[in-house]
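**Q** model this:
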Amino acid sequence: MSELPRRKMGRTGMQPKALGMGAAFVNRVDEAETIATVERALELGIDFFDTYAGANEERWGRALAGVDRASYYMQAKVGPHPERPKDFSAETTRWSVEQSLQALRVDYLDSVLVHDPPDIADPLGPGRAFDELQKMKEEGLIRHIGLGVRQHEFHKTAIEAGHAEIVLTFLDYTLLDQSVSRTTMRLAKKHGTGLILASVFGMGRLTGIEPNRPEEPRAHAMWQWCQEQDVDIKHLAMQFCLDAPIDGIVMSGPADRHQLQDAYDAATQEIPADIWTDFEEKFGIGV
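**A** Reported below is the predicted structural model:
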């Protein structure tokens, strides 16, 4: 096994390890497991964390209490807070960031993403979320600004407007779908935007659990091939994304320490060249 390398995050100057950890699922388990998972991530050398506003962020604050703030990157979001969902006004944007700062027990956030707006024109409007985040950046409360959403046209608008130093994209660069390579990847490289590739295991379809054959024929065919070749499909799924031509990282969203370990093992596993050759011959994609 190799170690996690550091990666350039676009023009931000950040250089996190290649595998980051998200909070979508680990915040839903009991507090002890959330904290233990964050602590295990630190032991493994993972240093980029991504949380959801209002979703048990205080657990992360407890887990990271006493850890050198300069030794890790913390990213939060505006938009998903359950008390003010989908509110991208300047007031709520500042309120949400302040809530995250307090819960996480930090003086600044390395990056804040505008999360899943229904219309990109809303947070981009004058005096709205992106403008307020820029003010908070000038005040030193946050260091970088980005966008977390699936729609590629939203990525394009935010990047070309100069507002997105980072874009988090999900489900669109996996063994099953590489559509973002034809859109956002090229644009991000041109503008120096960092990319975070999330949902690399295809929302469970590439974890080793047998996919439903009628509903997911391609996922099932890949699963079956890996079974026959005695290959762990998680390793292929992760290594494919780590090989993506981006200035950025891959994001894992584990539910517990065991899933985190699986993601780390997949990220540090060396895949023999002949396996990739055979896989590409069978499915048309490889590294």
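**Q** Assign a three-state SS to residue 49, would you?
**A** strand (DSSP: H, G, I helix; E, B strand; the rest coil).
**Q** Let me see the contact set for residue 42.
**A** 64, 67, 72 (Cβ atoms under 8 Å, 6 or more residues apart in numbering). From N, CA and C alone the C-beta is placed, and that goes for glycine too.
**Q** Quick check: it vs residue 13, distance?
**A** Remark: distance between residue 42 and residue 13 (Cβ to Cβ, to the nearest Å) = 22 Å.
**Q** neighbouring contacts of stretch 178-194?
**A** Residues outside stretch 178-194 that contact it (Cβ under 8 Å, 6+ apart) are 8-12, 14, 146, 152, 155-156, 159-160, 164-167, 169, 172-173, 195, 197, 244-248, 285.
**Q** The residue of the chain most remote from its centre is in what secondary structure piece?
**A** The centre of the chain is farthest from one residue, residue 228, which by Cα atoms, centre = their mean lies 31.0 Å away. Residue 228 is located in helix 217-229, with elements delineated by DSSP states H and E.
**Q** Buried residues, that helix. List them.
**A** By neighbour count on 16 or more other Cβ atoms under 10 Å, the buried set for helix 217-229 is 219-220, 222-223, 225-226.
**Q** Adding distance to residue 20 and pLDDT, write the residues you listed out as JSON lines.
**A** Formatted as JSON lines, the buried residues of helix 217-229 follow (distance: Cβ to Cβ, whole Å; pLDDT from 0 to 100):
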{"residue": "219", "distance to residue 20": "24", "pLDDT": "97"}
{"residue": "220", "distance to residue 20": "29", "pLDDT": "96"}
{"residue": "222", "distance to residue 20": "25", "pLDDT": "97"}
{"residue": "223", "distance to residue 20": "26", "pLDDT": "97"}
{"residue": "225", "distance to residue 20": "29", "pLDDT": "97"}
{"residue": "226", "distance to residue 20": "25", "pLDDT": "97"}
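**Q** Could you check the pLDDT of the most centrally placed residue in the chain?
**A** With distances taken as Cα atoms, centre = their mean, residue 251 lies nearest the centre of the chain, 3.6 Å away. In this prediction, residue 251 carries a pLDDT score of 96.
**Q** One more: residue 2?
**A** Looking at residue 2, the pLDDT reads 71.
**Q** hang on, the earlier thing: which neighbouring elements make contact with the next helix or strand after the helix holding residue 228?
**A** On the C-terminal side of helix 217-229, the closest following helix or strand by DSSP H and E is helix 233-242. Judged by 3 or more Cβ pairs under 8 Å, 6 or more residues apart in numbering; DSSP states H and E, helix 233-242 is in contact with helix 217-229, strand 248-252, helix 257-267, helix 273-283.
**Q** And the strands in the protein, which stretches?
**A** In the chain, the segments counted as strands under DSSP state E are 19-22, 48-50, 73-78, 111-115, 145-148, 166-170, 194-198, 248-252.
**Q** Rebuild those strands as JSON lines, extending it with distance to residue 135.
**A** Shown next, in JSON lines, are these (distance: least, Cβ to Cβ, whole Å):
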{"stretch": "strand 19-22", "distance to residue 135": "26"}
{"stretch": "strand 48-50", "distance to residue 135": "22"}
{"stretch": "strand 73-78", "distance to residue 135": "13"}
{"stretch": "strand 111-115", "distance to residue 135": "12"}
{"stretch": "strand 145-148", "distance to residue 135": "11"}
{"stretch": "strand 166-170", "distance to residue 135": "18"}
{"stretch": "strand 194-198", "distance to residue 135": "21"}
{"stretch": "strand 248-252", "distance to residue 135": "26"}
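**Q** which residue packs closest to residue 254, ignoring adjacent ones?
**A** residue 260 (4.0 Å; Cβ to Cβ, 6 or more residues apart in numbering).
**Q** Okay, that neighbour and residue 36: tell me how far apart.
**A** Look at residue 260 and residue 36: by Cβ to Cβ, they are 10 Å apart.
**Q** So which of the two has more stuff around it?
**A** In terms of neighbours (other Cβ atoms under 10 Å), residue 260 is the more surrounded of residue 260 and residue 36; the figures are 23 against 17.
**Q** Test my guess that the more buried one contacts residue 253.
**A** No - counting by Cβ atoms under 8 Å, residue 260 does not reach residue 253; the two are 9.6 Å apart.
**Q** that older thread, the contacts of stretch 178-194, buried ones only, as a ChimeraX selection?
**A** In ChimeraX, this line selects whichever of the contacts of stretch 178-194 come out buried by 16+ other Cβ under 10 Å:
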select :8,9,10,12,14,146,152,155,156,159,164,165,166,167,169,172,173,195,197,244,246,247,248
